[in-house]
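A.B. asks: got a sequence here, can you model it:
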Amino acid sequence: MYALPQLNDYSPATLDRAAAELVSACGSEAQQVNSDATYKAFRDRWLARKNGILTQVNDLWLKAAPREAKKDVGARVNALKVKVEETVAVAEQRAKGGTAAARASAERVDVTLPGIRRPIGVEHPVTRTMNEIVAVFKAMGYSVGEGPEIETDYYNFESLNFPPNHPARDTQDTIFIAGQESKPQRDRLLLRTHTSPVQIRSMERQPPPVRIVIPGKVHRNDAADASHSPIFHQVEGLAVDTNITFCDLKGTLDHAMKSLFGSSVKTRFYPSFFPFTEPSADVQISCFKCGGTGRLNANEGCRLCKYSGWIELLGCGMVDPNVYGFVKENGYDPDKISGFAFGMGVERIAMLKYGIDDIQLFYHGDVRFLEQFA
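C.D. replies: I've put the predicted structure just below:
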């Protein structure tokens, strides 16, 4: 390795020879630079302020030179400095190029190889079921509506034909927001007990025709057990247009049930009561487990349908004309238009589809349970 010599002779010939040896040594060492680490060592060896070779040139050659030779030595030292700095700069470019090439080689991707998929979670069974229901109705041309979970008494009850003190309000087990006593009853806040308020909100925004499906979370003051939860999910639907009949409702729901449970499923309707529909009906489907026979085999009955061959699934009906009265100014004249509405519990359908016997399993967050749906 090159070491700077001490000069005893400052003649031009000696200075030229010493300068040529220094430049040659610098160039030879620069050829060995091939990485960031070797470049830094090379740069410090030649340009470091305290003990770099150029600093040594000033101390051993220029300062030690006799007075009459200092001018000649100084000129050569300045020229050496320029050449060494140029050599170091070239070495730096070589190091960067080598490092970049090595990095590119290490990071090179073979695009013909199959991609690496990151493991991600899957949809919760309730979310999956709700999306499946919504997809069925979207395929029939329905749009998706959303609304707030904290509602007013007006939207949750009054505008849906639940007047104050109506006995049907007692069946809702409503959870009210505290501190609302000073407000008029229609303005008091509560946690919505069904997704039906979005039907009124949608009709306020959009004149007929309207076809909308409404998924969402609802709240009721129910004690938690195997079939009840204070928080659960619903999917409701609304279709309003001219000349809509109960036959349209039956055809729509029959198609939806077949899409969800299989083409062999049958539906039947029987009278019921809901304040916002008239006439109203509950909908049953033939048991998809036993084929509607009520028995799995000659010796075993079907517990899913409680041996009846039918499963109660949802409620529906033709929209009560009184409901249109709350949005009549937006084109909903009960003498000119008609429509139907329906609503179903998502957890109940998920329990039927996946054979789950306790609704609480959906909310415990037990990974062992959820991994079954991965």
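A.B. asks: may I see the buried residues of stretch 148-163?
C.D. replies: Buried residues in stretch 148-163, defined by neighbour count with 16 or more other Cβ atoms under 10 Å: 151, 152, 153, 154, 155, 156, 157, 158, 159, 160, 161, 162. Yep, even glycine has a C-beta here, placed from its N, CA and C like the rest.
A.B. asks: could you pull out the helices in this structure for me?
C.D. replies: 12-30, 36-47, 53-57, 70-107, 125-139, 153-156, 197-205, 246-261, 321-324, 346-354, 367-370 (DSSP state H).
A.B. asks: dump these into a markdown table; add mean pLDDT as well.
C.D. replies: Output for the helices of the chain, formatted as a markdown table (pLDDT from 0 to 100):
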| stretch | mean pLDDT |
| --- | --- |
| helix 12-30 | 86 |
| helix 36-47 | 84 |
| helix 53-57 | 85 |
| helix 70-107 | 77 |
| helix 125-139 | 95 |
| helix 153-156 | 92 |
| helix 197-205 | 94 |
| helix 246-261 | 94 |
| helix 321-324 | 93 |
| helix 346-354 | 90 |
| helix 367-370 | 86 |
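A.B. asks: and residue 72, how many neighbours?
C.D. replies: Burial of residue 72 is recorded as 14 neighbouring residues (other Cβ atoms under 10 Å).
A.B. asks: beta partners for the residue nearest to residue 210 when sequence neighbours are not counted?
C.D. replies: Of all residues beyond its chain neighbours, the one nearest residue 210 is residue 240 (5.0 Å), with distances taken as Cβ to Cβ, 6 or more residues apart in numbering. Beta bridges link residue 240 to residue 210, residue 339 when assigned by DSSP bridges.
A.B. asks: any idea how far residue 240 lies from residue 275?
C.D. replies: As judged by Cβ to Cβ, to the nearest Å, residue 240 and residue 275 stand 18 Å apart.
A.B. asks: gap between the residue nearest to residue 210 and residue 182?
C.D. replies: 36 Å.
A.B. asks: of these two, who's got more company?
C.D. replies: Ranked by neighbour count (other Cβ under 10 Å), residue 240 and residue 182 place residue 240 first, with 26 against 7.
A.B. asks: surely that one and residue 337 touch.
C.D. replies: Yes. A contact is recorded between residue 240 and residue 337 when judged using Cβ atoms under 8 Å, the distance being 5.8 Å.
A.B. asks: give me the common contacts of these two.
C.D. replies: Taking Cβ atoms under 8 Å, 6 or more residues apart in numbering as the contact rule, the neighbours common to residue 240 and residue 337 are residue 208.
A.B. asks: give me the neighbour count for the closest residue to residue 154 other than its chain neighbours.
C.D. replies: Nearest residue to residue 154, sequence neighbours excluded (Cβ to Cβ, 6+ apart): residue 186, at 4.0 Å. Residue 186 has 14 neighbouring residues, counting by other Cβ under 10 Å.
A.B. asks: OK, contacts around residue 186?
C.D. replies: The contact partners of residue 186, taken as Cβ under 8 Å, 6+ apart, are 152, 153, 154, 158.
A.B. asks: returning to that earlier point: out of the helices of the chain, which gets nearest to residue 281?
C.D. replies: Between residue 281 and the helices of the chain, the shortest gap by Cβ to Cβ is with helix 246-261, which sits at 8.2 Å.
A.B. asks: now the closest one: how far from the chain's centre is it?
C.D. replies: Taking the mean of its C-alpha atoms, helix 246-261 sits 31 Å from the chain's own mean (Cα atoms, centre = their mean, to the nearest Å).
A.B. asks: got the angle for that helix vs helix 346-354?
C.D. replies: Interaxial angle of helix 246-261 relative to helix 346-354 (axes from the mean of the first three to the mean of the last three Cα atoms, to 10 degrees): 50 degrees.
A.B. asks: can I see the domain layout of the protein?
C.D. replies: Using automatic domain parsing, the domain ranges for the chain come out as 12-107, 125-373.
A.B. asks: just these: most buried one?
C.D. replies: Comparing the domains of the chain by mean neighbour count (mean count of other Cβ atoms under 10 Å), domain 125-373 comes out on top with a mean of 17.
A.B. asks: now do the same end-to-end measure for it.
C.D. replies: Taking Cα to Cα, to the nearest Å as the measure, domain 125-373 stretches 7 Å from start to finish.
A.B. asks: from what I can see residue 12 touches residue 75, true?
C.D. replies: No. Residue 12 sits out of contact with residue 75 when judged by Cβ under 8 Å, with a separation of 10.6 Å.
A.B. asks: closest to residue 305 out of the helices of the chain?
C.D. replies: When those are compared by Cβ to Cβ, helix 346-354 sits nearest residue 305, at 9.7 Å.
A.B. asks: and the closest one, how far out from the chain middle?
C.D. replies: In terms of Cα atoms, centre = their mean, the gap separating the centre of helix 346-354 from the centre of its chain is 24 Å.
A.B. asks: contact partners of that helix?
C.D. replies: With contact meaning Cβ under 8 Å, 6+ apart, helix 346-354 is reached by 125-126, 128-130, 133, 215, 229, 232-235, 260-261, 288, 304, 311, 313, 356-357, 359, 362, 373.
A.B. asks: could you do stretch 161-180 as well?
C.D. replies: If you take Cβ under 8 Å, 6+ apart as the criterion, stretch 161-180 is touched by 150, 156-158, 185, 187-191, 193-194, 219-222, 230, 273, 275-276, 320, 322-323.
A.B. asks: how close does the residue nearest to residue 267 when sequence neighbours are not counted get to residue 268?
C.D. replies: Counting by Cβ to Cβ, 6+ apart, the nearest residue to residue 267 once its immediate chain neighbours are dropped is residue 254, at 4.7 Å. For residue 254, the distance to residue 268 (Cβ to Cβ) stands at 10 Å.
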